[in-house]
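Q: Output the structure for:
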Amino acid sequence: MSIISQITRDEWRFWKRTKIATTALIIGTLLALISAVVNTIEMEHATHEREHLQHTSESRFLEQPDRHPHRMVHYGHYVFRAPSPLSIIEPGVDAFTGTSIFLEGHRQNSAMFSEQRQASGMTRFSSLTPSFLLQVLVPLFIILIGYASITREKQAGTLNIMITQGVNLSHLLFGKYLALLCSGFLMLLPLVISAIWATTNGESVLLTSSFVAGYVLYILIWSGLVLAVSAMSKKSSASFAILVGMWIVFCILIPRIGSSSAAALAPSLGKLEADFAVLEELRKLGDGHNAADAAFEQLKKNLLAKYEVEKIEDLPINFRGSVAQYSEKKLTSVLNQFAEKRMEEELSQAQIARQFGWLTPTTAIRSFSMMIAGTSLETHHRFLREAENLRFEFVQSLNKIHQDTLDYQADINRHNDDKAARVNASNWQVLSEFSFKPDASTVRLASSTPYLIQLVLWGVIVIFGLRFAVRRIS
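A: Got it, this is the predicted structure:
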């Protein structure tokens, strides 16, 4: 063990004397620290801002004066998705999908205010999140630090001297591996601090520990790859060229090919085509604002038979409110069918892209990271479903007030006497509070397991690569 520690210390002493390794280590650590601090501040601000906006939106809805119930249906309501504690490290899909939705009758609006959609083309490349830094840039820094770990010993002739003096090659590689790991862990330190901060803000200790463990495994993988390539190369220049090529393939090309392949293998309708398809189906349902529409003739007959009257004016309920309830239910059913189909298509694409984690550890850690952090596509879809449940609940509650509380004659004559067609503002209490929370720890851990297996497989590959490198040197 003393030989291994001596080799590790010697490696660090060499890096202190070389500008490239020292510069890469300092830049990598500073970037990780700065990105963690900046992203934490931004996410904390976003959390407080969205919570304030959610409370403000609910208050304004409840404070509305006496109105016609259907006006409140169109007045609508906003819901906001607060970021999860671990989003200070891994924003996931949140920057692309939007974080707030305007809820109103007869429509399912898309999520709004996504950071990337509002950014210009060049601005999109300036978002240096801690997760991006750790997944893409830190491996490059590890390459810059360790690409010559073994090759310089070969070129200087010191490797043969160490072998003749009885130094075990496994001890040599392990000592250099420990040195390289220490440099990677130093750049990982800001993530650990951020994870502790997330824990103090309510995140599960089990989740944050698993999150950090995943990135530790990722550093182990890349450090092993760098050392294995350096051990199997004859010259430092060849080692550097091979490792940079691997970094380009693993961190840039394969993830990009994965997303492109997913779009090709699981195609989906464009927004314009989907909107036209929805409109075509909705036309068949009739106009919910027109109680005389032929689409509601059967509803009219059923209500007249149920209450044993001959005219809608004699019904004990407001027929217009019944039409609004009936129409909204049918309309929502159609909208949900299209929404679920779209989400299935998006999820199919995401799952195809995630399978490329078997080909690159970068995709594996990205999928694992988003699942654990609660910023995956599945979480966004749950946000959409919960927002839609709230929309349908408060719209139908207002339609029921329209049906049960508002007089039919006053309703049809509201253009002549608007005040008579209003209901008391106390009815707006039908709005429920909205508070979106990430999935439970067990759910997120279970969802991340397949991608943890991908990382473990890469770890096994690296172990075999290092063993092969030892045999090749000897």
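
Q: in the protein, which spans are strands?
A: 77-80, 100-104, 107-108 (DSSP state E).

Q: ranking the ones you listed by burial, who's on top?
A: strand 77-80 (a mean of 23; mean count of other CB atoms under 10 Å). No exception for glycine: its C-beta is placed from N, CA and C like everyone else's.

Q: what about residue 459, how many residues close to it?
A: Other residues lying near residue 459 total 15 when counted by other CB atoms under 10 Å.

Q: Thought residue 217 was touching it, still the case?
A: Yes - between residue 459 and residue 217 a contact is recorded at 6.1 Å, counting by CB atoms under 8 Å.

Q: Let me know which of the strands of the chain is the nearest to residue 414.
A: Nearest to residue 414 among the strands of the chain is strand 100-104 (20.0 Å), distances taken as CB to CB.

Q: Can you give me the separation between residue 390 and residue 356?
A: Separation of residue 390 from residue 356 (CB to CB, to the nearest Å): 36 Å.

Q: And the nearest residue to residue 205 once chain neighbours are set aside, how close does it get to residue 65?
A: Distances taken as CB to CB, 6 or more residues apart in numbering place residue 199 nearest to residue 205, at 5.7 Å, with adjacent residues excluded. Per CB to CB, residue 199 is found 45 Å from residue 65.

Q: Comparing those two, which shows the higher neighbour count?
A: Higher neighbour count among residue 199 and residue 65: residue 199, with 17 against 8, using other CB under 10 Å.

Q: Would you check that the more buried one makes contact with residue 210?
A: No - in this structure, residue 199 is not within contact of residue 210 by CB under 8 Å, at 12.0 Å.

Q: contacting residues for residue 300?
A: Going by CB atoms under 8 Å, 6 or more residues apart in numbering, residue 300 touches 312, 319.

Q: could you redo the last one with a cut-off of 10 Å?
A: The contact partners of residue 300, by CB atoms under 10 Å, 6 or more residues apart in numbering, come to 291, 292, 312, 315, 319, 322, 323.

Q: and if you look at residue 405?
A: By CB under 10 Å, 6+ apart, residue 405 lies in contact with 69, 317, 318, 321, 423, 424, 427.

Q: Next, work out how far apart it and residue 87 are.
A: 43 Å.

Q: Please apply the same query to residue 325.
A: Using CB to CB, residue 325 is found at 39 Å from residue 87.

Q: neighbour-wise, which of these two wins?
A: Neighbours were counted for residue 325 and for residue 87 using other CB under 10 Å; residue 87 has more, 26 against 21.

Q: Surely that one and residue 211 touch.
A: No - with contact defined as CB atoms under 10 Å, residue 87 does not reach residue 211; the gap is 11.4 Å.

Q: shared neighbours of these two, anything?
A: Contact criterion CB under 10 Å, 6+ apart; residues shared by residue 87 and residue 211: 198, 373.

Q: returning to that earlier point: any chance of the strands of the chain in CSV, plus distance to residue 248?
A: Supplementary listing: these in CSV, determined by distance: least, CB to CB, whole Å:
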stretch, distance to residue 248
strand 77-80, 39
strand 100-104, 37
strand 107-108, 41
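
Q: Where does the prediction get shaky in the chain?
A: Residues of the chain meeting the criterion pLDDT under 70: 1, 113-127, 474.
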